[in-house]
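Participant: would you be able to build a 3D model of this:
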Amino acid sequence: MNIKVENPKDLELTGVYQIKNIINNKIYIGSTKQCFRVRFNHHLQALRKNKHKNPHLQNAWNKYGESMFEFSILKVCKKEDTYLWEQQYLDNRNKELSYNINPNATGPSLEEESLKRELESRKKFYKECIPFYKKLKNGEIQLNEIPIKFQKMIKHYITYSPWNKNKSYNNTEHLKVPHKRTEKLIQKYKIQSENLRKISKIVYVYNCNKVFLDSFRSAKDLEELSLTLNLPICSRFKKERMGKPIKFLQSVNILKAMKTEKTYKGLYFMDKPLHPGMDDKNEPKSVKTEMLIPR
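Facilitator: Now for the predicted structure:
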């Protein structure tokens, strides 16, 4: 695709541009708030990869070839005025000679009518493609006898095979990816966990009347000890949920309750003692993690 500009320095500016098919004079109008050079490269790469957002322009590119298109500047303007000028050019364009799908300068969104046309086009394509696939499958024709536009899709139909085709299993345990946790990795996690707990905030636990109950080194320590404690928990649920007993306290919810200062299962959790000198006189409880240095 050639670039047709009078002054090459203009490519570093912003405004409205067009991509023109020099065979039939059809044009695509767009605008850029970056610079013309960057936008040109975006279009060029998308068209070369057959992934352009505008199917009409992409089909024409595939049909006529890259050398039959040229990029030119219609209007140089400020960033904030690009859509205004683009809309003016879209309103004044010859619709019969336009690749633009959306008549509004609002980006890549398509009109409902255009989406319907695209859907109908795809339905028509598959409707025409399937009979050729069936004939090929039955040995009535060869692949090279099928129209080129259907060959890629039919090749996909022929070669595609689900990974579990004709397979049956009594169970699927063997399909699960095993978690490889070496002893060295386990010790590394233990060390990291212990270090994080040491720098975490102490959790002070109070009942619904804000009477002090106990303190813990971290929310994670409290979570792991919660099943062994006899805290006055009050939950709206009567049975265990997600396989966890009612008295189980999740660290994430403990931290949330500390931040919002709201109750969690009928208990208050604070990062500072409500009664300094009394609530913090004892050593906070913690889980003794076995510290093994990795080899």
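
Participant: in contact with the nearest residue to residue 266 once chain neighbours are set aside, which residues?
Facilitator: Spatial nearest neighbour of residue 266, excluding adjacent residues (Cβ to Cβ, 6 or more residues apart in numbering): residue 234 at 2.9 Å. Where C-beta positions appear, they are placed from N, C-alpha and C, glycine not excepted. By Cβ atoms under 8 Å, 6 or more residues apart in numbering, residue 234 lies in contact with 208, 265, 266, 267.

Participant: how does it look with 7 Å?
Facilitator: By Cβ atoms under 7 Å, 6 or more residues apart in numbering, the residues touching residue 234 are 208, 265, 266.

Participant: and it, what helix or strand is that in?
Facilitator: Assigned by DSSP states H and E, residue 234 belongs to neither a helix nor a strand.

Participant: any idea how far it is from residue 265?
Facilitator: From residue 234 across to residue 265, the span is 6 Å (Cβ to Cβ, to the nearest Å).

Participant: now do residue 158
Facilitator: In this view, residue 158 and residue 265 are 60 Å apart by Cβ to Cβ.

Participant: between those two, point out the one with more neighbours.
Facilitator: Set side by side, residue 158 and residue 265 show more neighbours around residue 265, with 21 against 12, by other Cβ atoms under 10 Å.

Participant: ok, which stretches of the protein are helices?
Facilitator: Along the chain, the stretches classed as helices by DSSP state H are 36-48, 55-64, 82-92, 112-137, 148-159, 183-199, 219-225, 251-260.

Participant: CSV for those helices, including mean pLDDT?
Facilitator: Formatted as CSV, the helices of the chain follow (pLDDT from 0 to 100):
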stretch, mean pLDDT
helix 36-48, 92
helix 55-64, 93
helix 82-92, 89
helix 112-137, 84
helix 148-159, 88
helix 183-199, 84
helix 219-225, 91
helix 251-260, 91
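
Participant: can you redo these as a markdown table with distance to residue 239?
Facilitator: Shown next, in a markdown table, are the helices of the chain (distance: least, Cβ to Cβ, whole Å):
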| stretch | distance to residue 239 |
| --- | --- |
| helix 36-48 | 56 |
| helix 55-64 | 56 |
| helix 82-92 | 59 |
| helix 112-137 | 49 |
| helix 148-159 | 51 |
| helix 183-199 | 31 |
| helix 219-225 | 20 |
| helix 251-260 | 18 |
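
Participant: residue 273: which of those is closest?
Facilitator: Smallest distance to residue 273 across these (Cβ to Cβ): 12.8 Å, for helix 251-260.

Participant: list the buried residues of the closest one.
Facilitator: 251, 254, 255, 257, 258 (16 or more other Cβ atoms under 10 Å).

Participant: just the residues you listed now: which is nearest residue 6?
Facilitator: Of all those, residue 6 sits closest to residue 255, with 63.5 Å by Cβ to Cβ.

Participant: that closest one contacts residue 219, correct?
Facilitator: Yes. When contacts are counted by Cβ atoms under 7 Å, residue 255 is listed as touching residue 219 (5.2 Å).
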